[in-house]
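> sequence plus the predicted model coming up.
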2 protein chains.
Amino acid sequence: MINSVDSIVQGVLAGRARDIGRAITAAESEGGSPALASRLFARTGRARVIGITGPPGAGKSSLAQRLAQAYRRAGRTVGIVAVDPSSPYSGGAILGDRIRMAEIYTDPGVFIRSMATRGALGGLARATSDAVDVLDAAGYDIILIETVGVGQDEVDIVRAAETTAVVLVPGLGDDIQAIKAGILEIGDVFVVNKADREGSDRTAAELTMMLDLSPSEGWRPPIVRTVAIRNEGIDGAVSALDSHRQFLAENPEGPARVRRRAEARLLALLEERFRRAVQAQAPDPDGLEAAVESVAQRREDPYAAAVRVFDRLVREPVRE
Amino acid sequence: MINSVDSIVQGVLAGRARDIGRAITAAESEGGSPALASRLFARTGRARVIGITGPPGAGKSSLAQRLAQAYRRAGRTVGIVAVDPSSPYSGGAILGDRIRMAEIYTDPGVFIRSMATRGALGGLARATSDAVDVLDAAGYDIILIETVGVGQDEVDIVRAAETTAVVLVPGLGDDIQAIKAGILEIGDVFVVNKADREGSDRTAAELTMMLDLSPSEGWRPPIVRTVAIRNEGIDGAVSALDSHRQFLAENPEGPARVRRRAEARLLALLEERFRRAVQAQAPDPDGLEAAVESVAQRREDPYAAAVRVFDRLVREPVRE
C-alpha cells in the first residue's frame, strides 16, 4: 500500500490522468485515504477553486463548460468536479455531464470527474475537498466544483470553494422564494442563466431586492446574465468571479474565509470519523444495535438510548 | 424548568395548540429538549406519519393541503410539519405555506408548523422527529412531513415517516435524471402532480421504466397522477398511501422499517451530540480552534489535525 501511495502521489504530481483518477477514487472511499491526502496536501494551495451550484435545470453544466472554455482560452488548465448529492444510494454519478460537456471532454487541459455519495458513511463534502486537493496538486489552475441543488449538502460541498456562483433560471415556479432564502448567503456571484427566457428581468429584480434586504459585509454579490448554451454573457461571469477573488485578496474576508474553509473541512472529517467509530462499536452491548432494538420496541426513548451509546464512546459527556 | 416541562407535557397531551407550539420550538433548539422528548415519547406510536418530498415547484404544499382535507373528511385530525432544509442560515421558514394552505389553516383539526435549520448545529432531522412525536402525543391521527428538495437532507428528514410520497411534475428540465436517481429509493408512492400539463405521460413512463430497472423487494411503488390545485386524483393518492401502510403491516419490511427509523433517529442524535462536544472543546489546546488555525496556515494537513482533535474526544481511536 505504501508503494502504491508513493506511485499515485508521483503520478498525480506529474499530472497523469490515470493516477489522478485513482487518487479521487481513494478520496471517495469510506474514510478517504489519509496517507494519500496528507502527502498531497503539502503540494496544494496554488489552484483557484470556484463553486457552481443552483437548482436542477438551471444549466450549471453548460455554464461550467463555458467557463472552462473561457479559462482555457486564457491559457489556464481546468479541473471539474461534478458532485451529485441527490443520489444518496445509487453510487452513480452524473453521467449526462460527460455528454453535455463533450466540447471540452477531449481537451487534455481539462480534467472532468463526477462524484456521488456512496452510502451514509460517504462524507461527500470531505471527499470533494480531497478531490479538489488532488486536482490542485496535479497542477490544474482552476478547479470548478459543480453541484446540483440548494440544500445543506450543497452548502457543505461548495464550502470547499473560495468563490461560489449560484446559478438561477427564470420561472422556477412557486418554491423560488424558499430556494432564494437558502442560497443568498452562499452566493458570491449570482448568474441568471437562460436569460433569454421570459421572466429573466423579474428574477434579476427579485434577487436585487433580496440582496438589498440582506446585511452587507463589504462584498455585494453581482448579478450577471448568461445564455450558457449560446456562450453569451460568459465574459461577464468571468469578470464577476475575478472581482470577488480580488476582493478576497484585499480584505479581511479573504483570510477569514480560509479559516472557515479549514473549519468546515475539519468538521466534515471529524463527523465522518465519529460515524465510523459508532459503526465499529455498533455490535457492543452498549452499542448502536442494542440501542436501535430498544428504541424500535419502545422500551426506551431515543434520547436516553443515544446518551448511553454516546457516553461509552466520548470521554467528556455533553452537559445539558 | 421542570415545572415548565410538566406544564408543556400536560398541554401537549391535552392538545393545546400553544403548548404544542412551545414543545416544537423546544425541539428546534440546539440539542432539543431531552426532558420533554423523553416524556412525550412514552405517549407516541399511535399516529400515522407520511413524508412528502420532491423538487421545488412540484406542488407539495398543495398536495399536502388536499391530502389533509381528504383525511379530515374521513374524520381524522392532521398535523403538518413543513421542513425547509434549503434555508440553512436564515432561521426563516416557509412563510408561503401558511398562505397557500389557507383553506385548512383555520380548521381546528389541523395543526401546521413550519421548521427551518437554525445554523450548523441545528440537527433538522432530529428536530423533525421530535416535532412528529409532539404531534403524535398531542393526538393527531395523521402527520404529514413536507419537505422541499431531493438531497440527503430531505432523505434524512423523511426517514421519520412510515410512508414517503415523492412528488414530481412534468417538464422539470435537464436535471430530471439526476433527481430521479436519488429519489427512487425513498419513494414508496410517486405522485405526478400538475398532471394536466404537457409531458405528464412522459414523466410517468420514465418513472415506470426506472422502477422496472430497480431491484424490487416486494413493494412496487405505485405512480399516481394528481392536479392538486383542482383537487383531482387525491383519492388515488390516498389509496396508494393506504396500500403501502397495508403492505408494511403484513410484511417483514414493516418491522424492518421501524428499526431503520429508530437507527436514523439515533444517528441524528449522536451526531448532533458529537458536534456539540467538538464545539465545547473548541477552545482547548487540542481543540478545533487550534486545529483550524494550523490547517488554515498550512502548518498541518487536515487529516492529521482532525485525528488529534478526535483522539482527545473519543475513547477508542478509529483504526485506518
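Looks like it arrived, so ask away. Residues are numbered from 1 along each chain as shown, chains lettered A, B, ... in the order given.
> just the strands from chain A, written as ranges.
Per DSSP state E, chain A carries strands over the ranges A:48-54, A:78-84, A:110-116, A:142-148, A:163-168, A:189-192, A:223-225.
> tabulate these (TSV), appending mean neighbour count and mean pLDDT.
(Glycine included, C-beta is placed from N, CA and C.) Shown next, in TSV, are those (neighbours: other CB atoms under 10 Å in any protein chain shown; pLDDT from 0 to 100):
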stretch	mean neighbour count	mean pLDDT
strand A:48-54	26	93
strand A:78-84	28	89
strand A:110-116	22	86
strand A:142-148	28	91
strand A:163-168	28	93
strand A:189-192	26	95
strand A:223-225	21	97
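> next, format the ones you listed as CSV and append distance to chain B.
As requested, the strands of chain A are arranged in CSV below (distance: least, CB to the nearest CB, whole Å):
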stretch, distance to chain B
strand A:48-54, 10
strand A:78-84, 6
strand A:110-116, 8
strand A:142-148, 6
strand A:163-168, 11
strand A:189-192, 15
strand A:223-225, 18
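> where do the helices sit along chain A?
Ranges of helices in chain A, per DSSP state H, are A:2-13, A:17-28, A:34-41, A:60-73, A:95-100, A:102-105, A:124-137, A:152-158, A:176-183, A:200-213, A:234-250, A:253-281, A:288-296, A:302-313.
> comparing the ones you listed, which yields the minimum mean pLDDT?
Per-stretch mean pLDDT for the helices of chain A is lowest at helix A:95-100 (a mean of 49).
> switch the helices of chain A over to TSV; also include mean neighbour count.
TSV is the format used below for these (neighbours: other CB atoms under 10 Å in any protein chain shown):
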stretch	mean neighbour count
helix A:2-13	16
helix A:17-28	20
helix A:34-41	21
helix A:60-73	22
helix A:95-100	16
helix A:102-105	14
helix A:124-137	28
helix A:152-158	28
helix A:176-183	24
helix A:200-213	14
helix A:234-250	16
helix A:253-281	20
helix A:288-296	20
helix A:302-313	21
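> distance of A:Ile112 relative to B:Ile143?
Distance, A:Ile112 to B:Ile143, using CB to CB, to the nearest Å: 44 Å.
> same thing with A:Ala26?
43 Å.
> now A:Glu263
A:Glu263 is 36 Å from B:Ile143, by CB to CB.
> for A:Ile8, same thing?
50 Å.
> so who does the closest residue in space to A:Val134 that isn't next to it in sequence touch?
Spatially, and ignoring its direct neighbours in sequence, A:Val134 is nearest to A:Ala23 (4.4 Å; CB to CB, 6 or more residues apart in numbering or on different chains). Contacts for A:Ala23 (CB atoms under 8 Å, 6 or more residues apart in numbering or on different chains) come out as A:8, A:11-12, A:33, A:36, A:40, A:134.
> stretch A:304-313 near chain B anywhere?
Yes - counting by CB under 8 Å from any CB of the partner chain, chain B has neighbours in stretch A:304-313: A:304-307, A:309-310, A:312-313.
> contacts for that stretch?
Residues from elsewhere that reach stretch A:304-313 (CB under 8 Å, 6+ apart): A:274, A:277-278, A:281, A:284, A:286-288, A:291, A:294-295, A:317-318, B:34, B:38, B:266, B:269-270, B:273-274, B:314-316.
> what's the offset of stretch A:132-142 from the middle of its chain?
Relative to its parent chain, stretch A:132-142 has a centroid offset of 15 Å by CA atoms, centre = their mean, to the nearest Å.
> now for the closest residue to A:Ser38 other than its chain neighbours, how many residues are close by?
Nearest-residue entry for A:Ser38: B:Asp301, 4.5 Å, with adjacent residues in sequence omitted and distances by CB to CB, 6+ apart. When neighbours are counted by other CB atoms under 10 Å in any protein chain shown, B:Asp301 registers 19.
> let's see the pLDDT reported for B:Asp301.
We have a pLDDT of 94 for B:Asp301.
> and it, what does it touch?
Residues near B:Asp301 by CB under 8 Å, 6+ apart: A:37-38, A:41-42, B:295.
> mind running it again at 7 Å?
A:37-38, A:41-42 (CB atoms under 7 Å, 6 or more residues apart in numbering or on different chains).
> quick one: it and A:Leu40, what's the gap?
9 Å.
> cool, and A:Leu67?
Counting by CB to CB - A:Leu67 and A:Leu40 are separated by 25 Å.
> now swap in A:Leu135 and tell me
On the measure of CB to CB, A:Leu135 and A:Leu40 end up 10 Å apart.
> now A:Ser129
Counting by CB to CB, the gap from A:Ser129 to A:Leu40 is 11 Å.
> these two touch, right, A:Leu36 and A:Ile8?
Yes - taking CB atoms under 7 Å as the definition, A:Leu36 is a contact partner of A:Ile8 at 6.2 Å.
> excluding residues flanking it in the chain, which one is nearest A:Asp19?
Here the residue nearest A:Asp19, using CB to CB, 6+ apart, is A:Gly11, at 2.6 Å.
> and if you look at A:Gly287?
Excluding the flanking residues, the one nearest A:Gly287 by CB to CB, 6+ apart is A:Gln281, at 4.5 Å.
> OK, now which residue of the stretch 1-150 of chain A is nearest to chain B?
Going by CB to the nearest CB, chain B is nearest to A:Gly57 of the stretch 1-150 of chain A, at 2.7 Å.
> I'd like to know how many residues surround that residue.
Neighbour tally, A:Gly57, other CB under 10 Å: 23.
> thinking it is in contact with A:Val169, fair?
Yes - judged on CB under 7 Å, A:Gly57 makes contact with A:Val169 at a distance of 6.4 Å.
> quick check: neighbours shared by the two?
Between them, A:Gly57 and A:Val169 share no contacting residue under CB under 7 Å, 6+ apart.
> picking that back up, looking at the contacts of B:Asp301, which one is closest to B:Gly218?
A:Ala37 (41.5 Å; CB to CB).
> quick check: that closest one vs A:Glu146, distance?
22 Å.
> cool, A:Leu270 as well?
For A:Leu270, the distance to A:Glu146 - CB to CB - is 26 Å.
> ok, A:Leu36 - contacts?
With CB under 7 Å, 6+ apart, A:Leu36 has these contacts: A:5, A:8-9, A:23, A:26.
> identify the farthest-apart pair in the residues you listed.
Pairwise distances across those peak at 10.9 Å for A:Val9 and A:Ala26 (criterion: CB to CB).
> re earlier: including distance to A:Thr208, could the residues of stretch A:304-313 next to chain B go into JSON lines?
Supplementary listing: these in JSON lines, determined by distance: CB to CB, whole Å:
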{"residue": "A:Ala304", "distance to A:Thr208": "50"}
{"residue": "A:Ala305", "distance to A:Thr208": "50"}
{"residue": "A:Ala306", "distance to A:Thr208": "45"}
{"residue": "A:Val307", "distance to A:Thr208": "48"}
{"residue": "A:Val309", "distance to A:Thr208": "49"}
{"residue": "A:Phe310", "distance to A:Thr208": "47"}
{"residue": "A:Arg312", "distance to A:Thr208": "53"}
{"residue": "A:Leu313", "distance to A:Thr208": "49"}
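> nearest to chain B, of those residues?
Of the residues of stretch A:304-313 next to chain B, the one sitting nearest to chain B (CB to the nearest CB) turns out to be A:Ala306, at 3.8 Å.
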